[in-house]
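1. structural data only, the sequence is not supplied:
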């Protein structure tokens with residue numbers, strides 16, 4: 001027993017020693033919750049509880065295996081008898097044994113996502129709906145969304161829950177899908193939980209036997225449980241009330257997957273005489289990092305307050321860097337990594353770059369490639385390897401070279417036009433027989449017999465785009481033409497119609513592709529599509545340092561903040577900290593949405609062990625044009641004495657030279673990186689005391705005082721409206737009296753005006 005409690009703090013010991021009755025363990029970030037769970041299981045066994053009477057569930061197979069391994073390390077072979085599974089695995093176990101009570105044969109099959117989509121394809125075919133146009137993946141996603149809802153599980157008429165689509169009957173598809181599962185004696189992943197709830201509600205025999213088998217219950221990551229999981233746990237533990245749940249309401253970030261934060265917030269209302277223990281000692285992050293994180297999360301109303309104490313001491317203050325644009329942000333991040341690596345001998349794997357959406361990775365990838373720094377992306381592909389990017393570039397390859405059969409095969413039915421493999425094979429046969437390119441067969445309509453209507457549509461689209469391409473450069477810029485490619489092919493519209501989280505992410509990536517093309521044409525204004533596709537092909541085929549076996553274990557990590565949960569890194573960059581970026585524009589309309597975004601920010605900050613860098617930009621380009629950005633509200637929630645505020649101005653505002661594999665940023669080459677950094681040093685700034693929430697980036701006090709002596713009515717970095725050029729930001733003030741000159745940035749260009757003769761309006 002002494003060894004079991006060794007190296008545990010007082011609250012950890014209390015949690016381990018508590019055995020009977022409901023227990024809520026609020027485990028703050030980095031507080032050693034897995035250690036507590038495994039030691040508590042070991043303690044139960046040491047007090048005489050049979051290993052097979054213990055039921056423990058978590059959310060991932062990886063976490064499950066880790067828990068099993070640790071338990072067996074402590075208690076030996078008998079630990080193998082403890083029931084440690086994921087929720088879905090536990091549901092399978094229960095249904096295999098007792099499913100007959102609700103007419104589910106024990107031999108049922110489990111359908112994964114691929115199986116679901118195959119069933120849906122057959123249903124769509126039976127309804128004369130083209131599976132290429134009504135995507136099975138979208139239907140499967142919507143079905144899962146419906147089944148995850150609390151109202152569905154509680155028996156509300158399903159017709160009231162189903163989405164309404166103009167072009168097809170979703171209710172009929174849903175009904176046929178359920179019928180097919182029943183015919184095939186199959187359950188999908190949602191059904192595993194839903195049917196387990198049904199079993200526990202309706203079979204007294206099953207519930208009694210399970211309660212006799214399991215008498216002590218432990219549930220990890222309780223803040224991530226959905227309604228089905230909540231009910232399963234409540235039924236199973238209703239006899240003994242010996243239920244221990246572990247989690248952190250401040251890290252509930254999966255509502256879009258069905259997670260219900262109410263489960264952990266109202267636990268003591270569900271179970272009388274609940275004991276609550278907070279694991280408040282953080283072993284991961286320094287005090288400065290935790291204080292910054294806490295100052296953000298405390299603004300949420302729906303949370304349980306916790307006093308988190310840093311075990312590792314004060315550490316470094318959080319840094320907020322305001323960059324002039326996304327290129328300045330990328331440059332600051334990569335230059336900071338190079339500087340810290342050189343100064344402190346850290347490895348690439350000690351650094352992580354987080355962003356709110358996958359589309360933001362492109363800038364960082366470009367800068368990391370420039371410096372030959374290996375990187376890996378967790379939970380996604382590198383930017384130019386993503387399907388939608390390769391699809392659109394394949395269109396351009398084919399338009400430039402109609403003899404490219406590989407590109408033709410990729411785009412001919414993308415998005416879906418009903419041109420199947422059989423039709424494509426017939427085109428290839430005619431081309432080979434007549435010794436013609438496949439495009440000539442399509443263009444000259446040489447295909448006989450039944451010709452898919454979509455093939456004529458495809459022919460017209462390509463002909464139209466080829467004519468448009470002849471005007472590039474000239475009437476159309478390269479970026480304007482590529483926007484037309486995305487729109488005219490129907491690619492953008494098909495993703496909009498799909499309307500899923502994945503399709504929305506793909507739309508963001510397409511917009512970022514247009515940004516990259518805009519960058520290219522800033523360096524090469526007269527570039528034709530052929531130039532771009534040649535250079536981008538050379539760029540993406542360059543040897544990537546991350547392909548080196550050593551680089552795979554020593555790479556800088558890039559990921560969305562959602563994918564960062566559960567991980568830790570010595571140095572973290574939390575990027576894109578602007579309104580509508582983070583918090584995301586789709587989450588700002590409701591209090592619940594903002595609170596989840598704030599929890600996501602908290603998760604991002606608490607992944608950092610030694611240093612956290614928060615970055616925002618004054619300007620961020622979208623495919624619609626430059627957008628002025630306001631710093632995220634989460635930044636204003638961090639007290640000034642917890643932040644080092646810096647400013648970074650890059651000489652680069654877009655434009656990349658792919659030729660020769662190098663870069664030229666408006667005259668700023670890699671060889672000039674150090675001198676450019678020293679010319680625009682990263683400085684410490686003091687926020688204006690009188691206005692904590694000002695959206696104007698702060699200016700160094702001495703510099704502002706010096707500028708005020710010029711007599712200008714404007715401030716450096718103040719936003720103004722010009723009658724001709726529109727909104728801009730003042731980046732330089734020179735002269736005095738009647739000779740004051742203002743340099744104003746309008747996003748992609750700077751202009752100099754005499755203040756006295758220029759009618760400028762101040763903007764809020």
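-> All right, it came through fine. This is a predicted model, so every value here is computed, not measured.
2. rest of the way, CA atoms for contacts and neighbours
-> Fine.
3. check which helix or strand residue 621 maps to.
-> Residue 621 is part of strand 608-622, with elements assigned from DSSP states H and E.
4. ok, the following helix or strand past that strand: who's next to it in the sheet?
-> Going down the chain from strand 608-622, the next helix or strand is strand 625-628, by DSSP H and E. Looking at strand 625-628 with DSSP bridges, its partner strands are strand 608-622 (antiparallel).
5. returning to that earlier point: state the mean pLDDT of the strand holding residue 621.
-> Strand 608-622 carries an average pLDDT of 93.
6. please, which helix or strand holds residue 85?
-> Using DSSP H and E, residue 85 sits in strand 83-86.
7. what helices or strands is that strand leaning on?
-> strand 54-58, helix 61-75 (3 or more Cα pairs under 8 Å, 6 or more residues apart in numbering; DSSP states H and E).
8. by mean pLDDT, show me the worst of those.
-> helix 61-75 (a mean of 90).
9. buried set for that one?
-> Using 16 or more other Cα atoms under 10 Å as the test for burial, helix 61-75 gives 63, 64, 67, 68, 70, 71, 72, 74, 75.
10. tell me if I'm right that the fourth one and residue 81 touch.
-> No: with contact taken as Cα atoms under 8 Å, residue 68 and residue 81 are classed as non-touching, separated by 9.8 Å.
11. tell me which element the nearest residue to residue 392 once chain neighbours are set aside falls in.
-> Among residues not flanking residue 392 along the chain, residue 486 sits closest, at 6.9 Å (Cα to Cα, 6 or more residues apart in numbering). Using DSSP H and E, residue 486 maps to helix 478-488.
12. quick one: contacts of that helix?
-> Here helix 478-488 makes contact (Cα atoms under 8 Å, 6 or more residues apart in numbering) with 392, 395, 461, 465, 468-469, 472, 492-493, 514, 517-518, 521, 527-529.
13. and residue 508, how far from residue 486?
-> Plainly put, residue 508 is 13 Å away from residue 486 if you go by Cα to Cα, to the nearest Å.
14. how about residue 185?
-> The gap separating residue 185 from residue 486 is 43 Å, by Cα to Cα.
15. okay, those two: which has more neighbours?
-> residue 486 (19 against 15; other Cα atoms under 10 Å).
16. helices and strands of this protein: which one bottoms out on pLDDT?
-> helix 673-679 (a mean of 31; mean pLDDT, DSSP states H and E).
17. low-confidence ranges, the chain, go.
-> Applying pLDDT under 70 to the chain flags residues 1-2, 166, 538-552, 623-624, 652-710, 746-750, 764.
18. what's the single longest helix in it?
-> Longest helix of the chain, by residue count under DSSP state H: helix 501-523.
19. buried ones in it?
-> Quick answer for helix 501-523 (16+ other Cα under 10 Å): 503, 506-523.
20. same check on stretch 639-649?
-> In stretch 639-649, counting by 16+ other Cα under 10 Å, buried: 640, 642, 643, 644, 645, 646, 647, 648, 649.
21. that older thread, nearest to residue 46, of the contacts of helix 478-488?
-> Closest approach between the contacts of helix 478-488 and residue 46, by Cα to Cα: residue 492, at 61.0 Å.
22. could you check how far the closest one is from residue 279?
-> Between residue 492 and residue 279 the computed distance is 48 Å (Cα to Cα).
23. and these two? which has more neighbours close in?
-> Neighbour tally, residue 492 and residue 279, criterion other Cα under 10 Å: the higher count belongs to residue 279, 29 against 20.
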